[in-house]
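Undergrad: attaching a predicted model along with its sequence, questions to come.
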Amino acid sequence: MKKSFLIFLLILIIPILFFLIAFKTLGDYGINWDEPFHFRRGQAFLHYFLTGQKNYNDIPKYKALKGTSDSSDFRDSEKHFQEVNNNPYLSDSKFRRSYYQDEDWNGEYHIDIDNTYGHPALNGVLAAFFNKIFYQKIGILDDLESYHLFEITVASLLVFTIAIFMWKEFGIIQSIVSSLVLTTYPLFVGEQHFNIKDPIITCFYSLTLISFYIFIKKQKYFWGILTILFFAMGLSTKLNIIFIIIPLSIWLFFYFYKTKDFLRFLTKFWILLIILPVIVFTILIGSFPTLWKDPILGIKRIIDFYLEVGYSAPSQPQNYYLLKIFNTYPITWIFYTTPIPTIIISIFSLFFVRSLLKSKSFSLLLILSLITIVGRISFFGALSYGGVRLIMEFIPILAMLCGITAGLVYKKLGKLNIYIFILITNIIFIPVIIKLVNIHPNENVFFNKIVGGLAGAKEKNINSWGNSNGNAYYPAILWLNQYAEQNAYLTLPVGSISNIPRFKLRPDISLSPNYWSGPEHKGEYVLELTYDYSPMHWYNLNYLNTVMNPLYEVKVDGVAIAKVWKNDEKYVKEMFKNQKKLIISVNTQKDKKNITITLPKTEKIMKTSFIIPTKNCSLVQTGYVRTSTNNSDWIRENEDIAQNQLKHAELKTLTSNFDFYFVAREAKVIVFEMENGDTCLTKSKSAIVTVLE
């Protein structure tokens, strides 16, 4: 008994350390760009559950902040934002109100106006509940950290469960190695702190799998009901868990084919088939008040979202597709972002497949699950982007398979002391732990040494290298808080400012998307992510990366994943400081759908400007620019000429000035192509072309 208790304590060391470290580092992380919506919706629903109110009129306003609201064009966001700035007495410094208890994203919107097209709501409600307790009521954590406490608690629950289950089912080695692999997997370690969906569904997936296995093995109602509860909570977080039915069904077939007692089992537990839909739909609908007005239509809209978004179009370049049907991107990403010790153990498992299948039937369930998780996103044109966070469920499955494999390796070694084997295994993972410490808090952009780290992934152009899902903004915020002058202005020229937890900004710093002045250099601070995504080729980010010297960079393996610039002329690189303007006549085609500018010689172009009429002509609806140095080989610019490049989400309005910006584009001929004819732009007779001297 005493020895068993000591072993129990030993297998809990890793889970306990994992939770304590996660808790200690809560304040080191920012937010995932999905979180603000889920936090706001979760708060709206929780407030409705607790008070019956669909608005926040019964509590003081949130404190005044400088700048503009996160979503100025949404409902009355800007009005409410400025209302508190003009009337500070509306807020109460002694009242702890969450920033995400938003006047406009309240129950009146989410319950009465919004529809259910999107993800379910349970995770947001649970995160809001943690915020209610640990920030608003007790006050032992800050606003953001209390939401994230929910996320690390769920992740730690998974680690504790796997440690105990693997010990009981297989042994001490299998338990410790499973825990070690799971808690050193960089994606899981990082995103447990700031991802409101994927680590949560990962936990519920594995808990469903484990409890189902125990239910079939022990045939106890408790485990059957627990399985249904975990499945229901997973489905109420993200519909991806529905795919667990595939490995469970296949495994169940093999299990009862062997035992021959399916009819006896069904006779004993048929009642669970009735309980299952009741529990599942009670939790799904109960946690999502928007569904209450029309549950059938609401659930249909959720399903439509998953079908339309999940299978919208091929999401990777063609070179990732094998035989045009198998997307190798998920496997490629897993191979390059899995720590090498875990890869080595995984390779060993290939040599122990027969032993794995003979050891216990749970191994088969794990293998079927791993194939299903990776396969569902690799075939059928499924959406696959931004790494493998969309299938994070594979990580604990892989961890448990590694644990079982480690046990088989130990048996092959014969007389080696079990504790020496455990010690050696832990030592092997020390370099991984050191690496995680070195790149903290950016663990989710980890690449292993096989590809050369993040620098190698960038060099090899692995799709989405450096994608932090918004977390990399946070170290830059901390830098600004320390070094920006008083009453500084801050803007994001590409991302939404809701990606910034603005209550973490120094109170005197003013934040707004409207501050971006581009080449006018009005002195605002500019913060943006710099990883492999399309905005790197848009004018704003291309201009900053090419023309401006950054003040601060968030780096991993020497690669910047976020930068801070001061948009001031003194930070312009020397080669871009001297510019000149050329006045060039334009040539308009007869169909009036394109105009051509021909320069005397090839120049490095920064801008084209037109003076255009505003009456008796139409605004450009859509179009593009192509350039050439020889009137033969053409380069098409990335942005639509109908869009305001400095405010990329906005369309241009009809004014007398029509500008299009370049970043040192070498060209002699510039052609503006338009879909609609007789536009105001085609009536221009000349253009002012700004070029480098």
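TA: Cool, got the structure.
Undergrad: which phi and psi does the residue nearest in space to the middle of the chain have?
TA: The centroid of the chain falls nearest to residue 469 when counting by Cα atoms, centre = their mean (3.9 Å). Backbone torsions for residue 469, taken as degrees, to the nearest 10, come to phi 60, psi 30.
Undergrad: roughly how far apart are the closest residue to residue 442 other than its chain neighbours and residue 499?
TA: Nearest in space to residue 442, with sequence neighbours left out and distances taken as Cβ to Cβ, 6 or more residues apart in numbering, is residue 556 at 5.0 Å. Glycine gets a C-beta too; all of them are placed from N, C-alpha and C. The gap separating residue 556 from residue 499 is 19 Å, by Cβ to Cβ, to the nearest Å.
Undergrad: and the two? Which one has more around it.
TA: residue 499 (25 against 22; other Cβ atoms under 10 Å).
Undergrad: okay, that one: pLDDT?
TA: We have a pLDDT of 92 for residue 499.
Undergrad: C-terminal to the helix or strand where residue 607 lies, what's the next element?
TA: Using DSSP states H and E, residue 607 falls within strand 594-611. Scanning forward in sequence from strand 594-611 by DSSP H and E, the next helix or strand is strand 623-628.
Undergrad: what mean pLDDT does the helix or strand that that following strand is followed by get?
TA: Going down the chain from strand 623-628, the next helix or strand is strand 634-636, by DSSP H and E. Averaged over strand 634-636, pLDDT sits at 97.
Undergrad: work out the gap between strand 634-636 and the centre of the chain.
TA: 33 Å (Cα atoms, centre = their mean, to the nearest Å).
Undergrad: repeat that for stretch 685-693.
TA: 41 Å.
Undergrad: can you list the buried residues in it?
TA: 687, 689, 690, 691 (16 or more other Cβ atoms under 10 Å).
Undergrad: look up how far residue 596 lies from the third one.
TA: In this case it means residue 690. Residue 690 is 18 Å from residue 596, by Cβ to Cβ.
Undergrad: follow-up on the earlier one: quick check: bridge partners of the residue nearest to residue 442?
TA: residue 559 (DSSP bridges).
Undergrad: list the contacts of it.
TA: 439, 442, 445, 446, 453, 454, 466 (Cβ atoms under 8 Å, 6 or more residues apart in numbering).
Undergrad: beta partners for the residue nearest to residue 502 when sequence neighbours are not counted?
TA: Once flanking residues are discounted, residue 502 sits nearest to residue 511: 5.4 Å by Cβ to Cβ, 6+ apart. On the basis of DSSP bridges, residue 511 is bridged to residue 67, residue 490.
Undergrad: could you measure from residue 511 over to residue 333?
TA: 33 Å.
Undergrad: cool, and residue 648?
TA: Counting by Cβ to Cβ, the gap from residue 648 to residue 333 is 28 Å.
Undergrad: name the residue in the two with the higher neighbour count.
TA: residue 333 (24 against 18).
Undergrad: below-threshold pLDDT in this protein: ranges please.
TA: For the chain, applying pLDDT under 70 flags the ranges 1, 312-315, 590.
Undergrad: check which residues of the helix of greatest length in the chain are buried.
TA: Across the chain, the longest stretch assigned as helix under DSSP state H is helix 143-169. In terms of neighbour count (16+ other Cβ under 10 Å), helix 143-169 has its buried residues at 143-167, 169.
Undergrad: now for the helix or strand just after that helix, which elements pack on it?
TA: Counting by DSSP H and E, the next helix or strand C-terminal to helix 143-169 is helix 172-183. Contact partners of helix 172-183 among helices and strands, from 3 or more Cβ pairs under 8 Å, 6 or more residues apart in numbering; DSSP states H and E: helix 2-24, helix 143-169, helix 340-351, helix 394-413, helix 418-428.
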